[in-house]
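K.L.:
Starting from these lines, generate the structure:
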Amino acid sequence: MRRKKKGIRAERELLDKLWNYGIGAIRVAGSGSTGHPSADIIAGYRGKLAVIEVKTTSKESIYVGSDEVQSMRSLAEVLGAECWLAVKFSADRGKFYMVRIPDARETSSGSVVIDLSIARSKGLPVEMFAKYIFQQSSSKV
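P.N.:
Here you go, the predicted model:
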């Protein structure tokens, strides 16, 4: 139960950060429990959408199972959104890194792995993610 609370707390923290940067976002309570494609957060600005799975770890890497990855991809396809992982590493002072699924290391089973080096080299801080969403939305207009 403690791990679940930690995850919910991270989801709410990211939700607040997104709103503070002007990105509309909703948390999908119970995501993954219905059998339908899902993600933890759906965020966007003026038609540019992102489905986000939030992970937090005290280790230096985290694995996201193939079922979760496929669920996100299915939801993103229906919504016309991009798939992102928000990873919060305790080892890096609790900083969130926003990493696109294609930028994560995919395993042969369809799972993905994100470690600190991938997060630091390919991930975006939440502020830069917000700027990315703003730029993408303005190119649609």
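
K.L.:
List the contacts of the nearest residue to Y21 once chain neighbours are set aside.
P.N.:
Leaving aside its sequence neighbours, Y21 sits nearest to A130 (C-beta to C-beta, 6 or more residues apart in numbering; 3.6 Å). (Each C-beta comes from the backbone N, C-alpha and C, glycine too.) By C-beta atoms under 8 Å, 6 or more residues apart in numbering, A130 lies in contact with L18, Y21, G22, I23, Y45.

K.L.:
pLDDT below threshold where in the chain?
P.N.:
Scanning the chain for pLDDT under 70 picks out 1, 31-33, 139-141.

K.L.:
Tell me which stretches of it form strands.
P.N.:
In the chain, the segments counted as strands under DSSP state E are 24-27, 41-45, 48-57, 61-64, 82-89, 95-100, 105-106, 112-115.

K.L.:
Distance from the chain centre to the second one, please.
P.N.:
Taking C-alpha atoms, centre = their mean, to the nearest Å, one finds strand 41-45 lying 10 Å from the centre of the chain it belongs to.

K.L.:
do the fourth one as well
P.N.:
For strand 61-64, the separation from the chain centroid amounts to 12 Å (computed by C-alpha atoms, centre = their mean).

K.L.:
Can you tell me the strand partners of that strand and which way each runs?
P.N.:
strand 112-115 (antiparallel) (DSSP bridges).

K.L.:
buried stuff in the strand it pairs with?
P.N.:
V112, I114, D115 (16 or more other C-beta atoms under 10 Å).

K.L.:
check contacts around the first one.
P.N.:
So that's V112. V112 sits next to Y63, V64, V69, L85, I101, A104, R105, E106 when contact means C-beta under 8 Å, 6+ apart.

K.L.:
repeat that with 7 Å
P.N.:
V64, V69, I101, A104, R105, E106 (C-beta atoms under 7 Å, 6 or more residues apart in numbering).

K.L.:
Was I right to think the third one contacts C83?
P.N.:
Yes: the pair formed by I101 and C83 meets the contact definition of C-beta atoms under 7 Å, at 4.1 Å.
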